[in-house]
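Sharing a sequence plus its predicted fold:
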Amino acid sequence: MASGSFNKLGIFSPNRVKAVLKAASSDDESALKAALNNYDVNTVSSNGKTLLDFAVERGNKTALENLLKAGADVNLSKKSLLKASKRGYDDCVDVLLQAGADVNHKNSSGDTALHLASSKGHFQCSKSLLKKGAKVDAENEKGETAFARACRKGRRPCIVTLLESGADFISSHVKNVPQFVSYLESCADLLKTEGKINEKDCHGMTLLMYAASSLSVKCVTHLLHCGSDPDLQNKDLKTALMFAFCDCYYLSKLTFLNREAPVSTTFVKLLAGKSKAVTDDFCKTALMHALASKRPLDDGLIEYLAEGCVDFVDRFQKTALMYAIVNERELSECLITCLRGNTLDRQDSEGKTAVMLAGDKLSTRQFHFLLGTHVNAPDNMGRHALFYVKYNIELITECVRGGMDVNQRDYNGMTALMDALSHNPYLTHDAVQSLVGDTVTTKDKRGRSALMFARTTAHIAQLLELGFDVNLQDVDGRTPLMHGIMHRAESSVLELLVGEDVNVRDKQGRTALMYAVASVSIDFIKRIVGLGGDLNLQDSDGKTALMHAVLFFPHLTRELIEILRGDSINAMDKFGNTAFIHVVFTRHLTPETCQHFLELGANVNIPDVKNKTDLLKMIEPRPFRYFEQYYPWNNCFEVLNNRKTFPSEIINLGSTPSIHDVLKPHLKPTSVRLRQALNDLSVLRFLVCNSTLPYIADFEYSSHSPVSPLSVALQDFKIDAARYLIVNTVFIDGDFRRLQELLCSCCSLPEDVSLLITQAVSTPWPLVKLAFTTVSTLVGHSHERSGKINKLKLPKKIEDMLLYQSPISKIPVFDWHRIPLSFDLTVYENLPYPRPLLYQWPFGIDLVFTLNNTWPPYKYPLTK
């Protein structure tokens, strides 16, 4: 190739570059076209430069404009704007920006065009870049922003330009306090020269505010000498003095700052400015920020900050004293004296005073220092200070002596005595005596007296001596005895709380004995029974104490059943359910529990209001969700499957022949039961719906290894049963290996159906269809279909069929949690049942599962 011409790879010589640029500079389009010699204007040189790059390097604006008009791509190499900005070619930068150059593109060091222009002091280029949307706070690989780069290089005009455009003073390149201080001092020197020392960044922050957070006396002094104004406020109206204590998102980049370092009084005085009483947008003073911080504060510093602003309140009406209490500052007498001012009776937005916030943490002396003149002032919940000192016995006495009203009630109608008894079991005799007042007959809004809140024997005995009524009932009809049981009071107090009738009922008809059962305490039950609790009473739902025990107790013992059975263990609730039928649908359904009930006289043939016996309700199939509300996998057939321990009385008492016929096969050996189920879809449905089909380890088909029901169905060619098991996902990983083997056995599937059936001698054709459809369905038809099919290791012909098959409906799944993890099955939960399962094979065979109205088989009735 002749020197100076382009080749097909886009490599060209310096001479040709000069020729093209010379032609581009002449405003002669024909000359430019001739110089390009029919080559693309976007051709790239051997070192990756475009013609635009060469034009920018020469600062040739005219050539740049003409190349762009000729179709040059301004963002092809993305270097043109960077080079123009670095060299300060203002007119070239404007041309490139006008042509749509990427203003925020970064080079290998992470620098943008704004970084390069600012570091070289080209403020006119910087202005042009910022006008076109350059990110003013973009950081390079070192974490420097354009502002930080300009400060490091001492480019004062660029610094002012960047600040006017909303630059942030701080970037993440600052790594420690010494570097931070040095950086701030250098920025101050530059801004002082420009007369911009009090300039604010995008957050409204001045250099002095950042310096205050560093706690550097040297840096703050330097900035003040440069003319920084300590009284300026940022967007949140915070001053530099506040930033000595507060932590906010403006300082989030300064992770190296120690938020728990002490602040000296000298440093605070430097930043105080004209007034310490300035407040931010939350009406907080510097004193409040100091008390809310984690920094240690000496008394002299607090006294200095408190001068003239101790009575200020923030937006939530909290005083400085409240800040000290809430943030657990040590409340010395000096601090309290300094901060209390005229604010002791001040209440915050929740109505709480300082003494309420301090509560029982105060000593007696501190309490007297904080107690205001309005001792009975209530908070928003109607509680005065006496409610907040319930854990401090000494303060309770002091409050009463100080004139606080023990009869005052809160929003719920509770007195201080009720509140103290419910929270503090260690109240002394004298403390209770001082809180009683006129509350012997007082009730809260729920009708509860103080006796109903007591927990200990001593408190209950003392209240009874004071005349509290043990027969009183609240608005729900509960007595003190019931409350004592609910709150799990000491069992020895039950005798004290028994009134005129131990069997009095609440509004739901429940007795104290039923509350004892609900508390799951055998001791409580025995004591209430010993005190005369009636075992035969029923609540408003007709449930007896024994039925409540079935519902609440984690374990039913024979002793408990004997204690609670009453006159008749067969008593029925208003729905006709006996205690035994409640056992059926809870965790208590075990052979032992059934045996206990039968031996104690339980009758499973008593009909309910719908004329169903316990035995019929026990074996009738119910939806899975019915059992799920109790304990999903614990239902009656756990007993039926255990043929060695299950009591034969249940079978002998069966009064309905059809029920007896259904139950009888279930007591045979597992393998026999399974084969009977596979021969009768109604029985199979019965077992699957109740989750009692012999499954894996329970199956006795093989003496070598456990086999699943689907494996037996496939081996015995029970197509309908196998199909039903697949629909309801009763299968394991081994079943899929069997299905894959069936497909692998068909090395080739001819398009002629008759030939296909003829060749499938060892494997029945319906079984092949079943295997193909099952595997295809579980593979699904998502974008990952081909990857899943490749993992199956099937013959190529079948892989192709699976790959190109497009099912328009999927098998509805009963319980898809059992699907092996190696398959990703997408379940259409909103498919209406029954739904046709239609598949279109590549060679034209329509496989339709829904052939008649009897499918799917899980819709079959229980009996034939």
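Arrived safely, thanks for sending. A quick note: this is a predicted structure, and the numbers were derived from the prediction, not measured. Residues are numbered from 1 along each chain as shown.

Asp111 and Phe123: what is the separation?
17 Å (Cβ to Cβ, to the nearest Å). Using the backbone N, CA and C atoms, a C-beta is placed for each residue, glycine as well.

more neighbours, those two?
Asp111 (25 against 21; other Cβ atoms under 10 Å).

correct me, but the more buried one touches Asn140?
Yes: Asp111 lies in contact with Asn140 (Cβ atoms under 8 Å); the separation is 4.9 Å.

Could you identify the longest helix within this protein?
When the chain is parsed with DSSP state H, its longest helix is helix 177-193.

Next secondary structure element downstream of that one?
helix 207-214 (DSSP states H and E).

Tell me the first helix or strand C-terminal of that following helix.
helix 217-225.

and whatever helix or strand comes next after that next one, what other elements does it pack with?
Counting by DSSP H and E, the element after helix 217-225 in chain order, helix or strand, is helix 240-243. Applying 3 or more Cβ pairs under 8 Å, 6 or more residues apart in numbering; DSSP states H and E, one finds that helix 240-243 contacts helix 207-214, helix 265-271, helix 286-292.

which residue sits closest to Ser172, ignoring its sequence neighbours?
Excluding the flanking residues, the one nearest Ser172 by Cβ to Cβ, 6 or more residues apart in numbering is Gly143, at 3.7 Å.

What's the local residue count around the nearest residue to Leu472 once chain neighbours are set aside?
Distances taken as Cβ to Cβ, 6+ apart put Ser449 closest to Leu472, at 5.5 Å, once the chain neighbours are dropped. Look at Ser449: counted by other Cβ under 10 Å, it has 25 neighbours.

contacting residues around Ser449?
Thr439, Val440, Thr441, Thr442, Lys443, Phe468, Asp469, Leu472, Pro480 (Cβ atoms under 8 Å, 6 or more residues apart in numbering).

Need the phi and psi values for it.
Dihedral pair for Ser449: phi -90, psi 170, per degrees, to the nearest 10.

go on, the one 10 residues further on?
Main-chain torsions, His459, degrees, to the nearest 10: phi -70, psi -40.

repeat for Thr578
phi -90, psi 170.

My understanding was that it contacts Ala602; is that so?
Yes: here Thr578 reaches Ala602: they are 7.0 Å apart, a contact under Cβ under 8 Å.

Those two - which one has more neighbours?
Thr578 (25 against 22).

Can you tell me the SS state at the residue nearest to Ser172?
coil (DSSP: H, G, I helix; E, B strand; the rest coil).

What separation is there between it and Val406?
64 Å.

now do Gln233
Distance from Gln233 to Val406, by Cβ to Cβ: 49 Å.

Also Lys153?
75 Å.

and if you look at Pro425?
20 Å.

Same question for Glu330.
31 Å.

Of those two, which one has the most company?
Between Glu330 and Val406, counted using other Cβ under 10 Å, the more crowded position is Val406 (17 against 8).

residues in contact with that one?
Leu386, Val400, Thr415, Ala416, Leu417, Ser434, Leu435, Val436, Gly437, Thr439.

hang on, the third one packs against Thr442?
So the one you mean is Thr415. Yes: the pair Thr415 and Thr442 qualifies as a contact (Cβ under 8 Å) at a distance of 5.9 Å.

Need the overlap of contacts for the two.
In contact with both Thr415 and Thr442: Asn407, Arg409, Ala450, using Cβ under 8 Å, 6+ apart.

Quick check on the residues you listed: which are buried?
Arg409, Ala450 (16 or more other Cβ atoms under 10 Å).

With pLDDT, secondary structure and distance to Gly484 as extra columns, can I get the shared contacts of Thr415 and Thr442 in CSV?
Formatted as CSV, those follow (pLDDT from 0 to 100; DSSP: H, G, I helix; E, B strand; the rest coil; distance: Cβ to Cβ, whole Å):
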residue, pLDDT, secondary structure, distance to Gly484
Asn407, 89, coil, 24
Arg409, 90, coil, 23
Ala450, 91, helix, 13
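
ok, the nearest residue to Ile522 once chain neighbours are set aside - contacts?
Spatial nearest neighbour of Ile522, excluding adjacent residues (Cβ to Cβ, 6+ apart): Leu560 at 6.9 Å. Listed by Cβ under 8 Å, 6+ apart, the contact set of Leu560 reads Ile522, Ile525, Ala549, Phe553.

List just the nearest of the residues you listed to Lys69.
Phe553 (90.6 Å; Cβ to Cβ).

Verify the stated contact: Ser349 with Phe316.
Yes: applying Cβ under 8 Å, one finds Ser349 in contact with Phe316, separated by 4.5 Å.

how's the chain carved up into domains?
14-157, 705-859 (automatic domain parsing).

weakest of these by average pLDDT?
Mean pLDDT values for the domains of the chain show the minimum at domain 705-859, a mean of 48.

between Thr415 and Thr442, which one's more packed in?
Per other Cβ under 10 Å, whichever of Thr415 and Thr442 has more neighbours is Thr415, with 27 against 18.

what's the distance between the more buried one and Lys445?
Thr415 is 12 Å from Lys445, by Cβ to Cβ.

again, but for Asp608
41 Å.

more crowded one of the two?
Higher neighbour count among Asp608 and Lys445: Asp608, with 17 against 13, using other Cβ under 10 Å.

show me the contacts for the residue nearest to Ser172.
Contacts of Gly143 by Cβ under 8 Å, 6+ apart are Ser171, Ser172, His173, Val174.

buried subset of those?
Ser171, His173, Val174.

List the residues that contact the residue nearest to Ala324 when sequence neighbours are not counted.
The shortest distance from Ala324 to any non-neighbouring residue, by Cβ to Cβ, 6+ apart, is to Leu291 (4.9 Å). Residues in contact with Leu291 (Cβ under 8 Å, 6+ apart) are Leu297, Ile302, Ala320, Tyr323, Ala324, Asn327, Arg329.

What is the most widely separated pair among these?
Ile302 and Asn327 (12.5 Å).

who has more neighbours, those two?
Taking other Cβ under 10 Å, Ile302 and Asn327 do not tie; Ile302 has more neighbours (22 against 13).

any idea whether that one is helix, strand or coil?
Under three-state DSSP, Ile302 comes out as helix.

wait, isn't it in contact with Leu335?
Yes: taking Cβ under 8 Å as the definition, Ile302 is a contact partner of Leu335 at 6.3 Å.

Quick check: the closest residue to His548 other than its chain neighbours vs Val263, distance?
The spatial neighbour of His548 that comes closest, neighbours along the chain excluded (Cβ to Cβ, 6+ apart), is Val517 at 4.4 Å. Distance, Val517 to Val263, by Cβ to Cβ: 62 Å.

Look at those two and report which has more neighbours.
Of the pair Val517 and Val263, Val517 is the one with more neighbours under other Cβ under 10 Å, namely 30 against 19.

need the contact list for the more buried one.
Shown in contact with Val517 (Cβ under 8 Å, 6+ apart): Ile525, Ala545, His548, Ala549, Phe552, Phe553, Leu564.

do that again at 10 Å, thanks
If a contact means Cβ atoms under 10 Å, 6 or more residues apart in numbering, then Val517 has 485, 510-511, 524-525, 528, 533, 543-553, 560, 564 as its contacts.

Just the C-alphas of stretch 531-548, formatted as CSV.
Extracted in CSV, the C-alpha atoms of stretch 531-548 (Å, rounded to 0.1, in the frame of the first residue of the first chain):
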residue,chain,number,x,y,z
LEU,A,531,-62.1,-25.9,96.1
GLY,A,532,-65.3,-27.2,94.4
GLY,A,533,-64.8,-26.4,90.8
ASP,A,534,-67.6,-28.1,88.7
LEU,A,535,-66.2,-30.4,86.0
ASN,A,536,-69.5,-30.6,84.2
LEU,A,537,-70.2,-27.0,83.5
GLN,A,538,-70.0,-25.8,79.9
ASP,A,539,-69.2,-22.4,78.4
SER,A,540,-71.3,-20.5,75.9
ASP,A,541,-69.9,-22.8,73.1
GLY,A,542,-70.8,-25.9,75.1
LYS,A,543,-67.2,-26.8,75.8
THR,A,544,-66.3,-28.5,79.1
ALA,A,545,-63.1,-28.1,81.0
LEU,A,546,-61.9,-31.4,79.4
MET,A,547,-62.5,-30.0,75.9
HIS,A,548,-60.5,-26.9,76.9
